[in-house]
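> Based on what follows, work out the 3D shape:
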Amino acid sequence: MRIARVLLQAAACIVIGNYLAVAGELNRVIHARLAPPCIGLFLANADGSNERPLLPADGMDYNPSFSADGKWITFTSERGGSADIFRVHPDGSGVERLTDSPSYDDQGRLSPDGRTMAFVSTRDCGTANVWLLDLSSHRYRELTSGPGGNFRPSWSRDGKWIAFTSDRDTKVARWDGGWELVQSIAIYIVHPDGSGLRRITELGGFAGSPEWSSDGKSILYYESNPKDVYPGRLSTITGVPESQTGTATSQILSVDLNTGIKKQLTTGGGLKLSPHYVQGEDVGYVVKTKTELSLAFVSGRKVETLPLREPSWSPDGKMMVYQKTIKTQPPFLKPSFSFDPEFEMFLTAGVFPAYSPSGEQVVMSTFYPFGLKIMDTDGGRSRTLFDAQERMAIFPSWSPDGKSVVFGLGPYFQAGWGKSAQIASIQADGSNFRLLTNGETNSGFPSWSPDGKRLVYRVSGSDGRGLRILSIEDGKMTTLTTEYDNFPGWSPQGDRIAFTRSEEGRFEIYTIRPDGSEVRRLTNTDGNDAHSVWSPDGKWLIFSSSRRGWKDEALLNEIGPQPYGELFAMHEDGTGVRQLTDNQWEDATPAWMPSHALKAGGNGQRSSAEVIH
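Model (predicted):
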């Protein structure tokens, strides 16, 4: 039943080439997901005291909300694989699943009479929209549509209006003109029948998480600005320098719906998020700074110290439910939900994973501490291949004979601008480390040619930028491109190199022949398409894309510079695009398991080409 729903969803939203699933035949893909390892739901008194778990905190449960009568708490959970919405009584009993879709369902809010739930979903074409679910008939109805994402629905106390935020009517923008996307959202209101749509706050700003006053005359929200979106998302991530996070701030405001007059309720620094009325005119909210998350009230009343997110208070103002990240050490390989039934997906605890030619081992980069980990395909015998200490060791690539691994060594991404980094090599047993490049250029992201005679990699610095090819035998370097290119990958046949190019403010995937001829553009979207890797037969590419847009207000994201990234697959000519993941986290840096290794492990009977052609 669930596979049938997946197929119907995929057929409605994705351009699919020769989409014929054969039972029991899978393609295994491992990839990184920048997400908390575990999120639990907790109850406490209104001031944060007397904390206790609502449910066992051993999975991914988040975005809780009290019903108007206080009898239910709706929440999102990934316990079934994809994100779906559940409800539970405040004593932890009566857990009930409300949605069941392979698409992303989140941010559920029950109507005041408890008969209808407004929620955010990507069902029916992939972008985030507000939907309504009639709980008695279990019928769904789409409330918002059109370009852009729509988030955080909130019912007026009389049930006649729904407020929500949206990035509709805005263009894709980038932080400091670079890779990272920023978001601009405004608050809208609409009747539950879809009539009376009205924008409440101005375009070009950032107004989030609307909450209605008890008399329905005003809306409470937090306000920041788009330039603080990216620094604000990073501001509590360990290891991100202050120079990148800046001093992002927001304030809590209310706006009168009749006059449009705003009233600012807070002052001072820090990001103030997720405001809710608690009792009377008092408002509780979360404060996010560089070092901590905490609870605060407009009235200034004393609170307990809690690293909480998304608080919601009971109607009598005496109890609070919220989510909290649980720090655990995830396994290096963990099964995850696949949006496409022909793909078996696994999460890695590292980034940029790469299978050995035999498919018996996986190597990947780790952060904090920096280095390379190597392990068996099933995640066993995990061990450190290289300790990079204070440097990054990223984008490992196996030699075709499986005896050595090349990788980039040094500072990369924002930390690497204008700084030297090199291509390094190490034997698979950890011996014979050596540098293959030198100088002040930032060199990285290497990929072996199938014959083992050359490497393609990217450079950036005073000596130029683009893709370079290094001859292993004589050390000769030749220029392949001189554009803003990255993430090169040599095809298994050796006839083409896939890469990401920045052109006219867009990041798209291209291929090129090793002699520099026949440059082909494979993608064409407003966001980021990158991190492409080849299937073992060279007929498909898997890549990360932001084409589906945001799924929530950016400043509420807990971890990950790019929470809008999903994994897609396409033919090597750019056709037959199909979506593999659908969630609110950043999915990227995939690796496709060699088909002969998958068969040797007893999973699947055919090569990847035979399965998905």
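
> Low-confidence stretches in the stretch 151-300 of the chain?
Scanning the stretch 151-300 of the chain for pLDDT under 70 picks out 235-246.

> Helices of that one, residue ranges please.
229-234, 242-245 (DSSP state H, counting those that start in this stretch).

> who does the first one touch, helix- and strand-wise?
The one in question is helix 229-234. helix 242-245 (3 or more Cβ pairs under 8 Å, 6 or more residues apart in numbering; DSSP states H and E). (Glycine included, C-beta is placed from N, CA and C.)

> So residue 270 sits against residue 289, correct?
Yes: here residue 270 reaches residue 289: they are 4.7 Å apart, a contact under Cβ atoms under 8 Å.

> Between those two, which is the more surrounded one?
residue 270 (22 against 16; other Cβ atoms under 10 Å).

> Look up how far residue 455 lies from the more buried one.
Distance of residue 270 to residue 455, given as Cβ to Cβ, to the nearest Å: 46 Å.

> Could you measure from residue 154 over to residue 104?
From residue 154 across to residue 104, the span is 19 Å (Cβ to Cβ).

> got the contact list for residue 181?
172, 173, 174, 175, 527, 528, 546, 562, 564 (Cβ atoms under 8 Å, 6 or more residues apart in numbering).

> just for the chain, where's the confidence low?
1-25, 235-246, 560, 597-613.

> What segments of it are helices?
Under the criterion DSSP state H, the chain contains helices at 2-13, 229-234, 242-245, 595-600, 608-612.

> which ones are touching residue 313?
46, 66, 276, 277, 278, 284, 319, 320.

> biggest separation within these, which pair?
277 and 319 (14.3 Å; Cβ to Cβ).

> I figured residue 525 hits residue 543, correct?
No: assessed by Cβ under 8 Å, residue 525 is found out of contact with residue 543, at 11.0 Å.

> Compare these two (neighbour count), which wins?
Shown here are residue 525 and residue 543; by other Cβ under 10 Å, residue 543 has more neighbours (27 against 15).

> so what's that one bridging to?
Beta-bridge pairing for residue 543 (DSSP bridges): residue 568.

> Can you name the residues that contact it?
Per Cβ under 8 Å, 6+ apart, neighbours of residue 543: 509, 523, 529, 530, 531, 532, 533, 567, 568, 569, 570, 590.

> do the same with residue 46
278, 279, 284, 313, 317, 318, 319, 320.

> Pull the number of nearby residues for the fifth one.
Residues near residue 317, counting by other Cβ under 10 Å, number 15.

> what about the residue of the chain positioned farthest from its centre, distance to residue 220?
In the chain, the residue that sits farthest from the middle, by Cα atoms, centre = their mean, is residue 474; the gap is 41.9 Å. Distance of residue 474 to residue 220, given as Cβ to Cβ: 68 Å.

> swap in residue 72?
For residue 72, the distance to residue 220 - Cβ to Cβ - is 22 Å.

> More neighbours: which of these two?
residue 220 (24 against 18).

> Does that one touch residue 211 like I think?
Yes: contact criterion Cβ under 8 Å: residue 220 and residue 211 qualify, at 4.3 Å.

> Now the common contact residues for these two.
275, 276, 277.

> And for the first one, nearest residue in space, chain neighbours not counted?
Taking Cβ to Cβ, 6 or more residues apart in numbering, and ignoring the residues beside it in sequence, residue 275 has residue 285 as its nearest neighbour in space, at 4.3 Å.

> Mind listing the residues bridging to the one you found?
residue 296.

> again, but for residue 457
residue 468.

> That one and residue 402: what is the separation?
20 Å.

> got a list of what the residue lying closest to residue 405 once chain neighbours are set aside touches?
If the residues on either side of it in the chain are set aside, residue 405 comes closest to residue 396, at 4.9 Å by Cβ to Cβ, 6+ apart. Applying Cβ under 8 Å, 6+ apart to residue 396 gives the contacts 352, 354, 363, 364, 365, 372, 405, 406, 407.

> what's the most distant pair in these?
The widest separation within those (Cβ to Cβ) is 14.1 Å, between 364 and 406.

> quick one on the thing from earlier: PyMOL command to pick out the buried ones of the contacts of residue 46?
The following PyMOL line selects those of these that are buried, judged by 16 or more other Cβ atoms under 10 Å:
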select buried, resi 278+284+313+319+320
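
> So residue 208 is in contact with residue 184, correct?
No: between residue 208 and residue 184 there is no contact under Cβ under 8 Å: 10.8 Å.
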